[in-house]
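Visitor: Fold the stuff below for me.
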Amino acid sequence: MQYEILKPGEGPAERAGQCAMAIMAKAPRAGKVKTRLSPPLTLTESAALNICFLRDTAENLASLHGAAGMVCYTPVGDEAAFDGLLPSGFALIGQRGDAFGERLLAAAEDILACGYGAVCLIDSDSPTVPAAAFQAAIAELAREGDRVVLGPSHDGGYYLIGLKRVHAEVFERITWSTASVLEETLERAGEAGIEVVLLPLWYDVDDAATLAVLEGELLEGKAPEFATVPGYAAPHTRGFLLERRVAASV
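Guide: Residues are numbered from 1 along each chain as shown. The predicted structure is shown next:
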């Protein structure tokens, strides 16, 4: 299955009533994604798990009301890596920029320039984010007035940032890939006088410790200790983890 490639500055008028739900993702190639999970996984297993994360997150987003699902991907030119992984109706839009903050800002600019009324940029490392959290982000961005929506991660970052307008301030002077990302983003928003709405706390899966949390959640029914709402069932991810556990026990 191939997907529409979005172009900034082009789009039907009905997009103004939709919130773009954009997964920020690398093309899922072995050795290029989820490398911090190797070990305990091999690089091939890490890439396969990344595909499961992507499929589960996309299917979760496809179930929402008022949402337009898409993947904001890198590298441009590797669109074929996503063939058959996303639900019908999903679109692709290329990333641009060098540093992580630059890519996030450019993604917000480009997606809003496609005519959407709001955009949420979503990480590809959190396959069990509750659908209710995503739906709450859409609802908050549909309200009158301007605001930024943040989905805080247990590691000090965020799994989602939602905007109705481009606010470069929230992507500037951030120490990316550290435990202070959320705190610094809140500071930038406060300095700019932008209202912030926080979603339920959740977690990224990017190392052996958080992989263990994910296994506990999906295979043993152990909700993360900080969870206040049930997580998404993530069937593709659960199937991968279950198959791996069964193989290890033989």
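
Visitor: so who does residue 52 touch?
Guide: Applying CB atoms under 8 Å, 6 or more residues apart in numbering to residue 52 gives the contacts 127, 234, 236, 237, 239, 240. Placement of C-beta: from N, CA and C, glycine included.

Visitor: again, 7 Å this time
Guide: 127, 236, 237, 240 (CB atoms under 7 Å, 6 or more residues apart in numbering).

Visitor: can you check residue 141 too?
Guide: With CB under 7 Å, 6+ apart, residue 141 has these contacts: 19, 118, 149, 162, 164.

Visitor: try it again with 8 Å
Guide: 19, 117, 118, 120, 147, 149, 162, 163, 164.

Visitor: again, but for residue 117
Guide: 15, 16, 17, 18, 19, 141, 142, 164.

Visitor: As JSON lines, the residues you listed with distance to residue 185, secondary structure and pLDDT would be great.
Guide: Output for the contacts of residue 117, formatted as JSON lines (distance: CB to CB, whole Å; DSSP: H, G, I helix; E, B strand; the rest coil; pLDDT from 0 to 100):
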{"residue": "15", "distance to residue 185": "26", "secondary structure": "helix", "pLDDT": "95"}
{"residue": "16", "distance to residue 185": "26", "secondary structure": "helix", "pLDDT": "94"}
{"residue": "17", "distance to residue 185": "27", "secondary structure": "helix", "pLDDT": "94"}
{"residue": "18", "distance to residue 185": "25", "secondary structure": "coil", "pLDDT": "97"}
{"residue": "19", "distance to residue 185": "19", "secondary structure": "strand", "pLDDT": "98"}
{"residue": "141", "distance to residue 185": "16", "secondary structure": "helix", "pLDDT": "98"}
{"residue": "142", "distance to residue 185": "22", "secondary structure": "helix", "pLDDT": "97"}
{"residue": "164", "distance to residue 185": "16", "secondary structure": "coil", "pLDDT": "97"}
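
Visitor: roughly how far out does the lengthiest helix in the chain sit from the chain middle?
Guide: The longest helix of the chain (DSSP state H) is helix 43-62. Here helix 43-62 is found 11 Å from its chain centre; the criterion is CA atoms, centre = their mean, to the nearest Å.

Visitor: Out of the contacts of residue 141, flag the one nearest to residue 229.
Guide: Nearest to residue 229 among the contacts of residue 141: residue 149, at 15.9 Å, using CB to CB.

Visitor: Sketch out the low-pLDDT regions of this structure for me.
Guide: Low-confidence segments of the chain, defined by pLDDT under 70, are located at 1.

Visitor: now the strands: where do they sit in it?
Guide: Under the criterion DSSP state E, the chain contains strands at 4-5, 19-26, 67-74, 91-94, 118-122, 148-152, 158-163, 196-198.
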